[in-house]
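> Have a look at this prediction, sequence included:
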Amino acid sequence: MTSPSRFAGKTVVITGASRGIGAAIARRFAEEGAAVLVSANEARVEEVAAEIRGKGGRAAAFVGDVTDKESVAALYDTAEQHFGRVDVSVQNAGVITIARIEDLTETEWDKIMDVNTKGVFLCCQEAIRRMRKHGEGGRLINTASGQARQGFIFTPHYAASKFGVVGVTQSLAKEVAKEGITVNAFCPGIIETDMWAYNDTAWGKLLGNYKPGELMAEWVRNIPMARAGTGEDVAGLVAFLASSDAAYITGQTINVDGGLIMS
Ligand SMILES: NC(=O)c1ccc[n+]([C@@H]2O[C@H](COP(=O)([O-])OP(=O)(O)OC[C@H]3O[C@@H](n4cnc5c(N)ncnc54)[C@H](O)[C@@H]3O)[C@@H](O)[C@H]2O)c1
């Protein structure tokens with residue numbers, strides 16, 4: 001049984017927390033005693049904070065853009081203003097598009113790289129600065145993807161952005177290891193969220209005449225555990241990586257995908 005106060009006294013910043021995986025991670029940390037600063041580029045993130053506060057948790061929201069350096073600095077300022085310090089930062093904001101190579105635009109390429117890779121870099125940079133202020137170490141946890149292990153069809157830009165997350169993770173892990181800051185990444189497989197609903201439709205259209213839900217059902221049949229993942233499945237791994245049990249783990253990229261990819 002996990003202690004309900006495993007993260008008491010800790011402040012956790014989570015980006016991409018208005019819904020899906022990020023919201024599930026925020027709820028999990030709050031349930032285990034952390035103060036959470038939930039952030040996203042949509043006002044809906046305020047509802048996640050309100051829901052957590054309604055259940056007796058400590059939460060504040062910040063609406064901002066992870067591709068904008070000033071907005072990212074303001075996010076961490078807000079975390080410190082509300083809760084005094086930053087101990088854990090989960091870089092989870094992400095976007096995807098799916099297109100044949102002849103239709104994939106430069107604008108799409110730039111946007112995916114900006115949010116998924118530069119956004120992780122900017123947040124890690126700012127979080128490290130805040131962790132160095134209190135000098136008690138910290139945890140950086142970056143959202144990669146099964147597409148950081150192998151590219152899927154019609155998503156070269158997304159795969160590149162997520163392979164990039166692994167590179168950022170390993171490089172930073174080496175730079176800050178002696179300061180007690182660990183840096184790890186995780187690779188969700190097929191997780192039932194708004195993003196996957198888009199994937200099901202967009203990939204389904206390009207791969208054949210799939211009706212909504214059919215492609216996902218087909219891919220889920222290929223998962224050894226034969227079910228899609230949930231935000232809670234992912235949150236369990238993230239909470240472990242942020243806990244004292246993971247103190248000697250850094251620079252790692254861990255799959256959370258029901259066995260879909262075994263490398
Ligand atoms: N759902 C899956 O199957 C799956 C699989 C592998 C990896 N992932 C990754 O997990 C993460 C979360 O995915 P999800 O399925 O919950 O997606 P989602 O689309 O449900 O949520 C994405 C979140 O990112 C935020 N966001 C997008 N652009 C932003 C920006 N510029 N600045 C700040 N916030 C921004 C959105 O507001 C939202 O909160 C993403 O990084 C995604 O690439 C998801």
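Thanks, I have it.

> Is there a neighbour count for the residue of the stretch 51-200 of the chain found nearest the ligand? I'd like the number.
Minimum separation of the stretch 51-200 of the chain from the ligand (CB to the nearest ligand atom) falls at Gly94, amounting to 2.1 Å. For glycine as for every other residue, the C-beta is placed from the backbone atoms N, C-alpha and C. Gly94 is flanked by 26 other residues according to other CB atoms under 10 Å.

> quick one: contacts for it?
Gly16, Val115, Asn116, Gly119, Thr143, Ser145, Met195 (CB atoms under 8 Å, 6 or more residues apart in numbering).

> hmm, which two among those residues are most spread apart?
The largest distance within the contacts of Gly94, taken as CB to CB, falls between Gly119 and Met195 and amounts to 15.0 Å.

> More neighbours: these two, which one.
Gly119 (27 against 17).

> Get me the contact residues on the protein for the ligand.
If contacts are counted using CB under 6 Å from any ligand atom, the residues of the chain sitting beside the ligand are 15-22, 40-42, 65-67, 92-96, 115, 143, 145-146, 188, 190-191, 193-196.

> Filter those down to the ones in strands?
Filtering these for membership in strands, criterion DSSP state E, returns Thr15, Ala40, Thr143, Pro188.

> what's Thr253 in contact with, if anything?
For Thr253, the set of contacting residues under the criterion of CB under 8 Å, 6+ apart consists of Ala144, Ala148, Val166, Thr169, Asn184, Ala185, Phe186, Cys187.

> mind checking pLDDT for the residue positioned nearest the centre of the chain?
In the chain, the centroid-proximal residue (CA atoms, centre = their mean) is Asn92; its distance is 2.2 Å. Model confidence at Asn92, expressed as pLDDT, equals 98.

> quick revisit: so which of the contacts of Thr253 are in strands?
In strands, judged by DSSP E, the following of these are found: Asn184, Ala185, Phe186, Cys187.

> what about the closest residue to Thr250 other than its chain neighbours, which SS state?
Across the structure, with CB to CB, 6 or more residues apart in numbering as the measure, the residue nearest Thr250 apart from its sequence neighbours is Thr182 (4.0 Å). The local conformation at Thr182, judged by DSSP: H, G, I helix; E, B strand; the rest coil, is strand.

> what are the ranges of the strands in the stretch 151-263 of the chain?
For the stretch 151-263 of the chain, the strands identified by DSSP state E, counting those that start in this stretch occupy 181-188, 253-256, in order along the chain.

> buried residues in stretch 125-135?
Within stretch 125-135, the residues that qualify as buried are Glu126, Ala127, Ile128, Arg130, Met131, counting by 16 or more other CB atoms under 10 Å.

> Let me know the closest of those residues to Asp87.
When the buried residues of stretch 125-135 are compared for distance to Asp87, the smallest value, 7.4 Å, is given by Met131; criterion: CB to CB.

> For Arg139, see how far away the closest one is.
Relative to Arg139, Met131 is positioned 9 Å away (CB to CB, to the nearest Å).

> Give me the common contacts of these two.
Shared contacts of Met131 and Arg139, defined by CB under 8 Å, 6+ apart, comprise Asp87, Ile181.

> helices or strands up against the helix ranked longest in the chain?
Looking across the chain with DSSP state H, the single longest helix is helix 156-176. Applying 3 or more CB pairs under 8 Å, 6 or more residues apart in numbering; DSSP states H and E, we find helix 156-176 packed against helix 106-113, helix 119-134, strand 138-143, strand 181-188.

> Same list (those) but as JSON lines, adding mean pLDDT.
Output for the helices and strands packed on helix 156-176, formatted as JSON lines (pLDDT from 0 to 100):
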{"stretch": "helix 106-113", "mean pLDDT": "98"}
{"stretch": "helix 119-134", "mean pLDDT": "98"}
{"stretch": "strand 138-143", "mean pLDDT": "99"}
{"stretch": "strand 181-188", "mean pLDDT": "99"}
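
> May I see these organised as CSV, with distance to Leu237 added?
Formatted as CSV, those follow (distance: least, CB to CB, whole Å):
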stretch, distance to Leu237
helix 106-113, 24
helix 119-134, 17
strand 138-143, 9
strand 181-188, 6
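
> Having no further points to raise, I will conclude here.
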